[in-house]
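**Q** have a look; sequence and predicted model below, questions after that.
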Amino acid sequence: MNALTLVHETVKKFVKAGDICVDATAGRGYDTAFLASLAGDGCVTAFDIQQEAIDSTRALLASRGLEARLILASHATMDEYFEEGSVSCIMFNLGYLPSGDHSVFTHFESTREAIEKGLKLLKRGGLMCVSVYYGGDSGYEERDALLPYLASLDDGKYQVIMASFYNWKKDPPIPFFIVKL
C-alpha cells in the first residue's frame, strides 16, 4: 500500500459517471486521467501553473483516449470555473512536478486559498484529497502550516481524516481526506 493507492481506492467510492471533478495540481496527469476514467461523461478540470505539466497531462490523456479541461493557472482560481456545491471530488498533490524543476513547488498561502475555495465548491458528501509530499528541498514549511490549518476546519461542516504511514522512514507522504458534511 502506498499513498497513491490509498487515495485512488478512496476516491473510487465517491466519484461516479457524470460527476464534476477537479485535479488541483495536474502534474504529470495521472490523477486527471484517473478522475476522467471515473467521471466518464462528467467534467474533469485540471489546474497547473507550469506549461510542462499541462503538456504532459494532455499527452497522457490523449494516449488513453480520455478528455479533461486543462487550465494553465493556479489552483487558487478554481472558483472562477464552478458553481458552489457542484463538485464531487477535488484532488491535490502538493510538492513539485515529478522529474521537473524543484525550485517550483506549492506554497501554503495559495494552497490554503485553493482549499478554502474548493470546500465551497464541493457538494454535500463530496471528497477533497490533499496529499502532502514534502522533504528533499521543499515542502516542510507547507506541511507545518497545513497540519494545524486542516485540524482547525469546522467539524460541524467537514470530516478531516489524516492517514499516516507511521513507521515509514524518510518523509512519507501524508494523505488527508476531507468530506463535506
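**A** Looks like it arrived, so ask away.
**Q** going forward, measure contacts and count neighbours with C-alpha atoms only.
**A** Noted.
**Q** send the alpha carbons of the worst-scoring helix or strand of the chain on mean pLDDT over as CSV?
**A** With mean pLDDT, DSSP states H and E as the measure, the helix or strand of the chain carrying the lowest mean pLDDT is helix 140-151 (a mean of 91). Coordinates of the C-alpha atoms in helix 140-151 are reproduced here as CSV (Å, rounded to 0.1, in the frame of the first residue of the first chain):
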residue,chain,number,x,y,z
TYR,A,140,8.4,21.3,5.1
GLU,A,141,7.1,24.8,5.6
GLU,A,142,3.9,24.0,3.7
ARG,A,143,3.4,20.7,5.7
ASP,A,144,4.0,22.5,9.0
ALA,A,145,1.4,25.2,8.2
LEU,A,146,-1.1,22.8,6.6
LEU,A,147,-1.4,20.5,9.6
PRO,A,148,-2.8,23.0,12.1
TYR,A,149,-4.9,24.6,9.4
LEU,A,150,-6.7,21.3,8.4
ALA,A,151,-7.1,20.5,12.1
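**Q** contacts for it?
**A** Helix 140-151 has contacts (CA atoms under 8 Å, 6 or more residues apart in numbering) with 106-108, 112, 132, 134, 160.
**Q** next structured bit after that helix?
**A** Using DSSP states H and E, the helix or strand that follows helix 140-151 in sequence is strand 158-162.
**Q** gap between the nearest residue to residue 31 once chain neighbours are set aside and residue 34?
**A** Nearest residue to residue 31 in three dimensions, chain neighbours excluded: residue 23, at 6.6 Å (CA to CA, 6 or more residues apart in numbering). Distance of residue 23 to residue 34, given as CA to CA, to the nearest Å: 10 Å.
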